[in-house]
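**Student:** for reference, the sequence and a predicted model appear below.
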Amino acid sequence: MQLLDGKSLSQTIKEELKTEVDAIRQAAGKIPHLAAVLVGDDPASQVYVRNKVRSCEEVGFRSSLIRRPATISQEELLEVVETLNDDPDVDGFIVQLPLPAHLDEDAINLAISPQKDVDGFTPVNIGRMTLGLEAYLPATPNGIMVLLERYGIETSGKEVVVLGRSNIVGTPMTILLSRKRQPGNATVTLCHSRTRDLAAHCRRADILIAAIGIPEMVTADMVKEGAVIIDVGINRVDDSSRKRGYRLAGDVDFESVKAKASAITPVPGGVGPMTIVSLMMNTLKASQAK
Ligand SMILES: NC(=O)C1=CN([C@@H]2O[C@H](COP(=O)(O)OP(=O)(O)OC[C@H]3O[C@@H](n4cnc5c(N)ncnc54)[C@H](OP(=O)(O)O)[C@@H]3O)[C@@H](O)[C@H]2O)C=CC1
Ligand SMILES: Nc1nc(=O)c2c([nH]1)NC[C@@H]1CN(c3ccc(C(=O)N[C@@H](CCC(=O)O)C(=O)O)cc3)C=[N+]21
């Protein structure tokens, strides 16, 4: 069994990015600048945003964290987005999700300029990706594509089963994997909460990608011998033996599944760090686009 070490791969890619940024700086070019908008104080969102900002510093990007209280109005948040759209110093920005319930996520997303949409969530970028045009690709699915490619995992002609159909993970994952290029060319099945006999679909998968949000739902009996397992889930599970009071669990029961898998991502240290690196690759691209 091969451990697909997203953490170590992300370090390698960050070093590559740093070399590029150093070269840009020496040529007196423009240093990439990522801004992140964080609304409220959801603890998990704070961790992710902090990781993003720290990673930016590691590679020599500029980063800005824009914090607003959970009570911010829709109009005020739209103003923050407009200001970032218009700020020539900012190459790209993200609005961390989920937003508090009184805010309209779709309306906020639609207000983000596609040229600065380094999350790849806006209709223009999703449409361009679907048509196979240059686009800012969504960070998590693209991070998984990079992970598969760098580990030399063939996707062409493979049966891939994706669990979960969210706009930010499952759905774009199926589009990237089925594109007529490498990596891609897979035969993809998308499963969700209305899928009948999920386990039967999973057992057919050469590559199984779980993005559901239910801790350790994928068990060994659902996995084909020799399958590649990509675990996107990041779930906090109560654990009184930890000083934080919880541990992180994926959507895959790692301990039982690893015995059957030919390769598997851990949680933490798998897809999460690749998501961040992918966001940074988009930000570098945005800074070079002008
Ligand atoms: N590592 C990373 O970088 C990232 C990790 N995540 C993590 O990935 C997980 C998924 O997040 P996200 O994509 O936002 O998902 P959402 O919570 O938006 O959606 C969950 C999906 O899973 C489906 N689902 C729920 N229950 C079942 C079930 N019992 N059987 C089959 N399908 C089911 C839902 O189906 P339906 O559509 O029918 O409701 C839905 O499509 C979470 O743990 C999240 O924390 C998310 C983003 C990035
Ligand atoms: N606009 C927006 N863009 C996103 O890309 C986005 C978002 N909103 N909302 C939430 C999800 C989730 N997400 C993660 C990023 C990094 C880790 C990550 O770094 N995980 C570490 C561990 C983190 C920890 O210790 O909690 C790891 O897996 O090793 C996890 C999850 C990005 N998302």
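**Tutor:** In hand now; what should we look at? Numbers count the residues shown, from 1 in each chain. Ligands and ions are numbered 1, 2, ... in the order given.

**Student:** could you measure from the nearest residue to A261 once chain neighbours are set aside over to Q2?
**Tutor:** Nearest residue to A261, sequence neighbours excluded (C-beta to C-beta, 6 or more residues apart in numbering): I229, at 4.7 Å. C-beta coordinates here come from the backbone N, C-alpha and C atoms, glycine included. I229 sits 11 Å away from Q2, going by C-beta to C-beta, to the nearest Å.

**Student:** ok, now which ones touch the residue in the stretch 151-290 of the chain that ligand 2 sits nearest to?
**Tutor:** Using C-beta to the nearest ligand atom, the closest approach of the stretch 151-290 of the chain to ligand 2 is made by G272 at 2.3 Å. Applying C-beta atoms under 8 Å, 6 or more residues apart in numbering to G272 gives the contacts G6, N51, I234.

**Student:** please repeat the previous calculation with a cut-off of 7 Å.
**Tutor:** G6, I234 (C-beta atoms under 7 Å, 6 or more residues apart in numbering).

**Student:** check which helix or strand the residue positioned nearest the centre of the chain maps to.
**Tutor:** The chain has T140 as the residue nearest its centroid, 1.8 Å off, counting by C-alpha atoms, centre = their mean. If you go by DSSP states H and E, T140 is part of helix 139-150.

**Student:** can you pull the buried residues of the helix or strand just after that helix?
**Tutor:** Later in the chain than helix 139-150, the nearest helix or strand by DSSP H and E is strand 159-163. Neighbour-count burial for strand 159-163 flags E159, V160, V161, V162, L163 (criterion: 16 or more other C-beta atoms under 10 Å).

**Student:** residue of the stretch 1-150 of the chain nearest ligand 2, please.
**Tutor:** In the stretch 1-150 of the chain, the residue found nearest to ligand 2 is L97; the distance is 3.7 Å by C-beta to the nearest ligand atom.

**Student:** number of nearby residues for the nearest residue to that residue once chain neighbours are set aside?
**Tutor:** In space, and not counting its chain neighbours, L97 is closest to E105: 6.5 Å by C-beta to C-beta, 6+ apart. Per other C-beta atoms under 10 Å, the neighbour tally for E105 reads 15.

**Student:** please, which helix or strand holds the residue of the stretch 151-290 of the chain closest to ligand 2?
**Tutor:** helix 271-288.

**Student:** just the angle for that helix relative to helix 139-150, thanks.
**Tutor:** 100 degrees (axes from the mean of the first three to the mean of the last three C-alpha atoms, to 10 degrees).

**Student:** and the residue of the stretch 1-150 of the chain closest to ligand 2, its phi and psi?
**Tutor:** The phi and psi torsions at L97 (degrees, to the nearest 10) take the values phi -100, psi 160.

**Student:** related to what we said a few turns ago, the residue nearest to A261 - that's part of a helix, no?
**Tutor:** No - per DSSP: H, G, I helix; E, B strand; the rest coil, I229 lies outside any helix segment and is strand.

**Student:** for ligand 1, see how far away it is.
**Tutor:** 14 Å (C-beta to the nearest ligand atom, to the nearest Å).

**Student:** same deal with H33?
**Tutor:** For H33, the distance to ligand 1 - C-beta to the nearest ligand atom - is 22 Å.

**Student:** who's in contact with the residue nearest to that residue when sequence neighbours are not counted?
**Tutor:** Nearest non-adjacent residue to H33, counting by C-beta to C-beta, 6+ apart: R62, 4.0 Å away. Contact analysis of R62 by C-beta under 7 Å, 6+ apart lists I31, P32, H33.

**Student:** name the helix or strand of this protein that has the lowest mean pLDDT.
**Tutor:** Within the chain, no helix or strand scores below helix 43-59, which has a mean of 94 by mean pLDDT, DSSP states H and E.

**Student:** alpha carbons only: can I get that helix in CSV?
**Tutor:** Extracted in CSV, the C-alpha atoms of helix 43-59 (Å, rounded to 0.1, in the frame of the first residue of the first chain):
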residue,chain,number,x,y,z
PRO,A,43,-13.2,27.5,14.3
ALA,A,44,-12.6,25.1,11.3
SER,A,45,-12.8,28.1,8.8
GLN,A,46,-10.3,29.9,11.0
VAL,A,47,-7.9,27.0,10.8
TYR,A,48,-8.2,26.7,6.9
VAL,A,49,-7.8,30.4,6.4
ARG,A,50,-4.8,30.6,8.7
ASN,A,51,-3.2,27.7,6.8
LYS,A,52,-3.7,29.5,3.5
VAL,A,53,-2.2,32.7,4.8
ARG,A,54,0.8,30.8,6.4
SER,A,55,1.4,29.0,3.1
CYS,A,56,1.4,32.3,1.2
GLU,A,57,4.1,33.6,3.5
GLU,A,58,6.2,30.5,3.1
VAL,A,59,6.5,31.0,-0.6
